[in-house]
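>>> the following block contains a protein sequence and its predicted model.
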Amino acid sequence: MGLKVLEPNTCIRGCCSSQSIPLHLPPSSYTLLSPIARGAESVVYEATLDGRKVAVKKPILSTSEELDNFHKELQLLCKLDHPGLAKFVAAHAKPPNYMFFFEFYESRNLAEKLHVEEWSPSVDQVLMIAAQLAKALQYLHNRGIVHRDVKPANVLLDRNLCPHLADFGLAEYRENLKEISLKNWRSSGKPTGGFHKKNMVGTLIYMAPEILKKEIHSEKSDVYSFGISINELLTGVVPYTDLRAEAQAHTVLEMNYTEQQLTAAVVSGGLRPILASLELGLPACILSLIQRCWDGNPHNRPSFSDIALELDLVLEHRKSLKEEDLCAGKSYVTYDDKLINSGNNMHTYHESINWTAQGEHSSKKASHAAESDVKLWLESANDALTYYPVLSWGSFATCGRRETMEDTHFLMPHMYNQKEIHMFGIFDGHRGSAAAEFSARALPGFLQNLGSTTRPTDALLEAFIRTDVTFRNELDSLRKSKRVVQKDWHPGCTAIAALIVRNRLFVANAGDCRAILCRGGHPFALSRVRQEFWL
Ligand SMILES: Nc1ncnc2c1ncn2[C@@H]1O[C@H](COP(=O)(O)OP(=O)(O)OP(=O)(O)O)[C@@H](O)[C@H]1O
Ligand SMILES: [Mn+2]
């Protein structure tokens with residue numbers, strides 16, 4: 001903005017300096033107008049600087065520690081320059097006035113925008129804000145800086161509603177965090193100083209469990225707060241309330257929970273705000289992203305470079321959809337599938353589960369008989385017929401108009417080394433290929449286990465049921481441990497299996513997979529459809 005830098009451009013102590021940002025200003029260059037916010041530690045004014053509208057943050061400095069903090073914040077601000085951060089334009093770092101000058105952001109902070117103005121951003125606006133903030137935080141983290149106060153009230157919106165992260169009052173270099181956390185939590189066991197003043201009321205709801213447990217902050221604590229904030233942006237609901245009350249009423253003290261109860265529930269009970277709903281037309285991967293961000297274990301949270309990458313992919317995809325003028329609602333699902341399958345460059349979007357191996361493992365685990373006894377079926381087979389089939393087999397699969405193949409099959413001629421026993425199966429996957437992949441291995445495994453005790457018909461029935469039950473159990477435990485994203489919570493499949501024991505053919509099916517026998521050019525249906533038995 002063409003401000004003159006007066007030499008020497010340092011603070012009074014000489015510890016802060018900058019090439020381009022003036023650190024002391026002639027009194028005639030600025031005028032403080034009305035206060036816009038009074039925080040615990042500072043007053044923010046609307047002001048003019050060389051005729052231009054700015055925001056001035058004037059910290060309340062009553063102790064030498066607070067003065068030290070001013071210099072610390074100033075040193076930090078001099079080093080930062082990113083479009084996603086509130087732009088620091090000047091400072092006055094000499095007594096009696098200590099002030100930070102920032103570009104003025106006219107569309108309020110995000111908390112006021114949401115809860116006072118009751119702004120409902122579109123999905124694209126949320127994605128844009130999330131992506132921009134993630135990049136700003138990625139920038140900070142890359143420089144070893146942890147913000148420690150990420151929340152909607154510290155996100156300022158410009159006239160285009162682009163976000164700018166503000167308030168570096170609590171920011172720290174990663175390497176100092178241990179010492180600072182210890183200092184803060186020492187003595188009474190309560191945080192002291194600015195940290196206490198600033199955090200124990202309004203910000204508690206954005207604090208990661210490790211901070212509430214008085215463990216050490218890390219950059220992953222910012223990821224947690226980011227997840228909570230983005231969910232708030234999507235739902236329009238202040239965390240842990242279902243009210244859209246006035247902005248000032250948003251403290252934990254005014255909620256049903258006391259501070260202690262809330263802390264305990266977040267830390268031990270895994271309590272989180274109510275997740276935004278898919279009905280908003282959101283891409284499902286955003287919900288999974290939020291959940292990963294607020295995971296109780298900091299190690300499971302993604303980094304901001306992962307987050308920025310994922311959000312950019314989502315935005316890019318939505319842009320291309322718009323260009324293609326496709327129905328957006330329909331396409332989200334396709335997008336998520338793509339995201340899951342595009343393993344390259346993408347950091348684990350969700351743990352990739354090898355359902356085929358899982359199916360094999362589950363059926364083996366259930367096996368008690370060391371050796372297959374399916375040959376018992378041959379002993380009980382009726383040999384009165386002298387017909388012996390000559391077998392040939394093959395397979396062809398196509399996924400039709402789908403982007404990914406969800407069907408599987410198996411061919412097991414001479415099953416388990418029995419010359420006269422053969423088995424074939426087809427599984428038509430629904431809502432993903434998980435159930436089909438699992439069943440293609442589990443079903444023949446279970447069938448083999450049943451060979452010694454059960455007739456082929458009963459064994460088939462029982463193997464279908466065991467496959468179904470085992471898959472459901474596996475899926476349940478994965479859901480509980482959040483290892484599958486919500487979108488993948490309901491996979492299923494229909495199935496058909498043909499078992500040939502010497503000269504007899506047994507066919508079993510679940511759902512609408514069909515087997516047709518062709519005799520003399522005529523089709524004979526070997527399966528019936530009972531819809532209620534579909535997986
Ligand atoms: N550059 C700016 N443009 C417009 N408004 C601003 C600007 N900077 C701050 N504000 C307003 O002042 C409020 C407080 O600013 P900031 O968070 O930097 O100060 P603080 O004293 O640390 O506040 P708190 O203690 O409440 O977190 C912001 O929420 C915003 O409403
Ligand atoms: Mn603030």
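That came through, no problem. Ligands and ions are numbered 1, 2, ... in the order given.
>>> tell me where the stretch 151-300 of the chain has helices.
Counting by DSSP state H, counting those that start in this stretch, the stretch 151-300 of the chain has helices at residues 177-185, 193-198, 209-212, 219-235, 259-267, 284-293.
>>> make CSV from those helices and add mean neighbour count, mean pLDDT and distance to A276 to it.
Backbone N, C-alpha and C define where each C-beta goes, glycine included. Putting these into CSV (neighbours: other C-beta atoms under 10 Å; pLDDT from 0 to 100; distance: least, C-beta to C-beta, whole Å) gives the following:
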stretch, mean neighbour count, mean pLDDT, distance to A276
helix 177-185, 15, 76, 31
helix 193-198, 16, 51, 27
helix 209-212, 20, 90, 21
helix 219-235, 24, 96, 4
helix 259-267, 17, 82, 18
helix 284-293, 22, 93, 6
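>>> for S120, find the nearest of those.
Distance to S120, taken as C-beta to C-beta, is lowest for helix 219-235 among the helices of the stretch 151-300 of the chain, at 9.7 Å.
>>> what angle do the closest one and helix 284-293 make?
Counting by axes from the mean of the first three to the mean of the last three C-alpha atoms, to 10 degrees, helix 219-235 lies at 140 degrees to helix 284-293.
>>> helices or strands next to helix 219-235 in the packing?
helix 110-115, helix 123-142, strand 145-146, helix 209-212, helix 284-293, helix 304-324 (3 or more C-beta pairs under 8 Å, 6 or more residues apart in numbering; DSSP states H and E).
>>> out of these, the one nearest L32 is which?
Of all these, helix 110-115 sits nearest to L32, with 21.2 Å by C-beta to C-beta.
>>> that's a strand at V89, yeah?
Yes - the assignment for V89 by DSSP: H, G, I helix; E, B strand; the rest coil puts it in a strand.
>>> okay, and for the stretch 351-500 of the chain, where does confidence drop off?
351-352, 367-373, 380-386, 400-403, 452, 484-487 (pLDDT under 70).
>>> what are the ranges of the strands in the stretch 351-500 of the chain?
Using DSSP state E, counting those that start in this stretch, the strands of the stretch 351-500 of the chain run over residues 407-412, 421-430, 492-501.
>>> export those to a markdown table and tack on mean neighbour count?
Below are these laid out as a markdown table (neighbours: other C-beta atoms under 10 Å):
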| stretch | mean neighbour count |
| --- | --- |
| strand 407-412 | 18 |
| strand 421-430 | 23 |
| strand 492-501 | 24 |
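>>> burial of the residue of the chain found nearest ligand 2, as a residue count?
Closest residue of the chain to ligand 2, C-beta to the ion: D167 (3.7 Å). D167: 24 surrounding residues under other C-beta atoms under 10 Å.
>>> same question, G394
Neighbours of G394 using other C-beta under 10 Å come to 5.
>>> got it, and the one 10 residues further on?
Here the count is done by other C-beta under 10 Å, and T404 has 13 residues near it.
>>> same check, this time on G296
Neighbour count for G296, taken as other C-beta under 10 Å: 16.
>>> and the residue lying closest to it once chain neighbours are set aside, how far from ligand 1?
For G296, ignoring the flanking residues on the chain, the nearest one in space by C-beta to C-beta, 6 or more residues apart in numbering is P209 at 5.3 Å. The spacing between P209 and ligand 1, counted by C-beta to the nearest ligand atom, to the nearest Å, is 22 Å.
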